[in-house]
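A.B. asks: need a structure here:
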Amino acid sequence: MNEFYKKIEKDFKHLIDTKALFHAYVFFGEDEAAIMEFAKRFAQALEHGSFDGEGKFLNDFLHVVPFEKESIGIDEVRAVQNFLYQRPVASPKRMVVMCPADAITDEGQSALLKIIEEPPKDALIILVAHAMDSMMQTIRSRVHEVYFPAADQKGGEDFFSETLGALRKHLDKNTALAHEIIRRKMAMDRYNLNKPLQMRLLEGYAEQYGIAKKPKAPAERKRAKK
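C.D. replies: Model (predicted):
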């Protein structure tokens, strides 16, 4: 587990202990398998009190994935609704993880939106996605977004860990800045953009808000001579 995952785990452990969990989150990033593994460990912590309780039976956990078809549709969302409206047996929350959330159909997202807007008292919904732009804006505006970097990412990761960690302490004031940093980070990783230029832009944001020290931008490759 990389350092950033450990910080996220610590944050969620605190939210569990203080009973301050929000009712809906989107966990997103490049490594969906690693995010899904974290979500399962999160369910263990919620029901059994520890992120290290791997293998224990979960009474109040539902994992929704595409089966015969490649999408998650209205029928699956109705099953989620039925599950969430039952009272928890052994956990303070009934937790549903939908992965990949990118596969939820428009009809399914519309039905899911109604649940998120008026959630049952003990509901906890986790959507695991590769990217946020596949989700309806109305859903995105009603969930808390948590970005998970790929475990093997190097170069500038300390900067992102420090900066996003600082932003999460006052997320109500820094939501727009956090989204911009995450968006640029994902664009750098996915599309191999001009990383020195992108890092300089991010350094400027951090400097402007006094959040983190300037990282060392990766050196640009010299052009090969013809």
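
A.B. asks: how would you label V89: helix, strand or coil?
C.D. replies: coil (DSSP: H, G, I helix; E, B strand; the rest coil).

A.B. asks: what sits against L124?
C.D. replies: Neighbouring residues of L124 by Cβ atoms under 8 Å, 6 or more residues apart in numbering: L21, H23, A24, L46, K93, R94, M95, V96. Where C-beta positions appear, they are placed from N, C-alpha and C, glycine not excepted.

A.B. asks: Out of those residues, list just those in helices.
C.D. replies: Those of the contacts of L124 mapping onto helices are L46, per DSSP state H.

A.B. asks: now the contacts of L124: which count as buried?
C.D. replies: Buried by 16 or more other Cβ atoms under 10 Å: L21, H23, A24, L46, K93, R94, M95, V96, out of the contacts of L124.

A.B. asks: And the residues you listed, which is closest to L84?
C.D. replies: Ranked by distance to L84 (Cβ to Cβ), the buried ones among the contacts of L124 are led by R94 at 5.4 Å.

A.B. asks: Report the contact partners of the closest one.
C.D. replies: Counting by Cβ under 8 Å, 6+ apart, R94 has contacts D60, L62, F83, L84, Q86, R87, P88, P120, D122, A123, L124.

A.B. asks: My reading is that the last one lies in a helix. Confirm?
C.D. replies: No. For L124, which was evaluated using three-state DSSP, the result is strand, with no helix membership.

A.B. asks: pLDDT score assigned to it?
C.D. replies: Here, the pLDDT recorded for L124 equals 98.

A.B. asks: how much space between it and L84?
C.D. replies: Using Cβ to Cβ, to the nearest Å, L124 is found at 8 Å from L84.

A.B. asks: got any residues that touch both of these two?
C.D. replies: What both L124 and L84 touch, as defined by Cβ under 8 Å, 6+ apart, is the set R94, V96.

A.B. asks: what's the closest non-adjacent residue to V26?
C.D. replies: With Cβ to Cβ, 6 or more residues apart in numbering as the criterion, V26 has its nearest non-adjacent residue at 4.6 Å, and that residue is L127.

A.B. asks: which SS state does that neighbour fall under?
C.D. replies: strand.

A.B. asks: For the remainder of this discussion, apply numbering that starts at 634.
C.D. replies: I'll keep to 634 as the first residue from here, and by that count the last item is L760.

A.B. asks: Test my guess that it contacts M768.
C.D. replies: Yes. L760 lies in contact with M768 (Cβ atoms under 8 Å); the separation is 7.2 Å.

A.B. asks: give me the low-pLDDT residue ranges for this protein?
C.D. replies: The chain contains residues with pLDDT under 70 at 634, 784-859.

A.B. asks: make it 90
C.D. replies: 634-640, 661-666, 685-689, 700-703, 735, 763-769, 778-859 (pLDDT under 90).

A.B. asks: could you pull out the strands for this protein?
C.D. replies: 657-661, 694-697, 727-731, 756-762, 777-780 (DSSP state E).

A.B. asks: got JSON lines for these, with distance to I749 too?
C.D. replies: Formatted as JSON lines, these follow (distance: least, Cβ to Cβ, whole Å):
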{"stretch": "strand 657-661", "distance to I749": "5"}
{"stretch": "strand 694-697", "distance to I749": "14"}
{"stretch": "strand 727-731", "distance to I749": "11"}
{"stretch": "strand 756-762", "distance to I749": "6"}
{"stretch": "strand 777-780", "distance to I749": "11"}
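
A.B. asks: and E750, how many residues sit next to it?
C.D. replies: Residues lying near E750 (other Cβ atoms under 10 Å) number 11.
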